[in-house]
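[1] Kindly return the folded structure for what I paste below:
(one chain, ligands or ions: 1)
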Amino acid sequence: MKYDFDEIIDRRNTDSVKWAVGENELPMWVADMDFKTAPEILDVLVDRAKHGVFGYSTIKKEWNEAYIGWWSRRYGFEMKADGLIFCTGVVAALSSIVRKLATPNENVLLQTPVYNCFFSSVINNGCRVLENKLIYDGEGYSIDFDDLERKLADPQTSLMILCNPHNPVGKIWDKETLCRIGELCFKHRVTIISDEIHCDITEPGYKYTPFMSASELNRKTGVMLIAPTKTFNLAGIKTSAVYTEDPVLRHKIWRGINTDEVGEANAFATVGAIAAYNKGDEWADEMRAYVFENRKIVEEYIKNNIPQIKAVPGKATYLMWLDISKVGKSREVAAFIRKETGLFLTAGAVYGESGDGFLRLNVACPKELLYDGLQRLKTGIEKFSEK
Ligand SMILES: Cc1ncc(COP(=O)(O)O)c(C=O)c1O
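    Numbering: from 1, shown residues only. Coordinates of the predicted model:
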């Protein structure tokens, strides 16, 4: 490997949300990585910092070109330069879109269990969450399409937020599924927002399908939220893009983002994204390989050492979804493991009621930390089971 993902970087005392924990605690919760970003990106950010003047920034055309290049090269999806809108983050864009496109008390459909900020983006804007619960068969997840159609047909439903690939269950939605969702949303005039922030982090050999590339209809009607921040560990520079080809929708979303004042880039936001998408291919591929080795290690370790629980197989994200339903309820088990062993995981209930039999484990860390986490997990589960 050209890049070193084994290096342990001390993130304590860096204002990290994830690492704001006790001395003996090991955080494997928030979705950022314990790796340094790609040196190709770091060099560009350091140069920008050294310039020393941090006035207001424009969004230059190289920013649009960098996104276009990445999606064309890696996913064969040709985007149009004028379809991209800058935003200071995916959640900022999502909340702004909910505010602009749905009025209070209308329904926004979510497929649960799902990323917790989807709930807050809906609820904080006075809308209602309508859940299309994913079906879990003990091995993986699928969509209950009858339930989905019934809920999209409710005239109070104005938006659907798709997570593609899906956090926390690690699922890559296939083309057929994306087409079917697109058709149902169009039939019932529900605007579909596809959050694709985890799209690059897939098992080597597997690719995600951009929602808007799945069919001509999806291309005409869809909205994609994309960013380099998960892939390159850049969440702190606050950068993302909204992509849509419908000019009316685009204008509305652009107005919303501007009204909410989340459309202006800080000094690092566009240069970081441009460097990532123009120079980050090799780093991203090595990172994926490392993360998926980690996923395999966790699967094997759990199978051989912690028979009370099960890692749900997943082909995307560095977030593993652990079935602890035979052990207990997620909040209680997570709190117990943290107290007894210092391992900090996310309780599945955070992602909706149907996540309550699960814990989420972030494996984007050097192997030494991963092994430490696994031992703590084993101890925690054993002690909990003996209670
Ligand atoms: C599905 C999903 N969307 C959005 C985000 C956050 O995006 P941003 O930091 O750009 O607001 C996360 C972070 O975990 C996520 O999992």
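[2] Say whether the ligand is contacted by the top strand by length along the chain.
    The residue-count maximum for a strand in the chain (DSSP state E) belongs to strand 157-163. Yes - residues of strand 157-163 contacting the ligand under Cβ under 6 Å from any ligand atom: C163. (Each C-beta comes from the backbone N, C-alpha and C, glycine too.)
[3] Paired strands for that strand, with orientation please.
    Strand partners for strand 157-163, identified by DSSP bridges, are recorded as strand 107-110 (parallel), strand 191-195 (parallel).
[4] Figure out which of those strands is closest to the ligand.
    strand 191-195 (4.7 Å; Cβ to the nearest ligand atom).
[5] What segments of this protein are helices?
    Remark: helices assigned in the chain by DSSP state H are 39-51, 61-75, 90-101, 116-123, 145-153, 175-187, 216-221, 247-259, 269-279, 281-305, 330-341, 367-386.
[6] Alpha carbons of the fourth one, in CSV - could you do that?
    Only the C-alpha atoms of helix 116-123 are listed here, as CSV (Å, rounded to 0.1, in the frame of the first residue of the first chain):
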residue,chain,number,x,y,z
ASN,A,116,-30.6,9.9,12.8
CYS,A,117,-30.2,13.4,11.4
PHE,A,118,-32.9,12.5,8.8
PHE,A,119,-35.4,12.5,11.7
SER,A,120,-34.2,15.8,13.1
SER,A,121,-34.2,17.5,9.6
VAL,A,122,-37.8,16.5,9.3
ILE,A,123,-39.1,17.2,12.8
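[7] I would like the residues contacting it, please.
    Helix 116-123 is contacted from outside by 91, 94-95, 98, 108, 110, 128-129, 161, 163, 195, 350-352, using Cβ atoms under 8 Å, 6 or more residues apart in numbering.
[8] What's the PyMOL syntax to select whichever of those are buried?
    Here is the PyMOL command that selects the buried residues among the contacts of helix 116-123 (16 or more other Cβ atoms under 10 Å):
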select buried, resi 91+94+95+98+108+110+129+161+163+195+350+351+352
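[9] Let's have the contacts of helix 116-123 in TSV, adding pLDDT and distance to G380.
    Converted to TSV, those look like this (pLDDT from 0 to 100; distance: Cβ to Cβ, whole Å):
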residue	pLDDT	distance to G380
V91	98	30
L94	98	33
S95	98	35
V98	98	37
V108	98	36
L110	98	30
R128	98	36
V129	98	31
I161	98	33
C163	98	28
D195	98	31
V350	98	18
Y351	98	20
G352	98	23
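[10] Pick out whichever of the contacts of helix 116-123 sits closest to the ligand.
    Of the contacts of helix 116-123, the one sitting nearest to the ligand (Cβ to the nearest ligand atom) turns out to be V91, at 3.5 Å.
[11] Name the nearest residue to that closest one, sequence neighbours excluded.
    Excluding its sequence neighbours, the residue lying closest to V91 (Cβ to Cβ, 6 or more residues apart in numbering) is C117, at 4.9 Å.
[12] What's the local residue count around the one you found?
    By the criterion of other Cβ atoms under 10 Å, C117 has 15 neighbours.
[13] from memory K207 sits against Y75, does it?
    Yes - with contact defined as Cβ atoms under 8 Å, K207 reaches Y75; the gap is 6.6 Å.
[14] is it possible to export the helices of the chain to JSON lines including distance to A81?
    Formatted as JSON lines, the helices of the chain follow (distance: least, Cβ to Cβ, whole Å):
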{"stretch": "helix 39-51", "distance to A81": "21"}
{"stretch": "helix 61-75", "distance to A81": "4"}
{"stretch": "helix 90-101", "distance to A81": "18"}
{"stretch": "helix 116-123", "distance to A81": "27"}
{"stretch": "helix 145-153", "distance to A81": "32"}
{"stretch": "helix 175-187", "distance to A81": "23"}
{"stretch": "helix 216-221", "distance to A81": "15"}
{"stretch": "helix 247-259", "distance to A81": "12"}
{"stretch": "helix 269-279", "distance to A81": "14"}
{"stretch": "helix 281-305", "distance to A81": "21"}
{"stretch": "helix 330-341", "distance to A81": "44"}
{"stretch": "helix 367-386", "distance to A81": "41"}
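[15] Fine, thanks again, bye for now.
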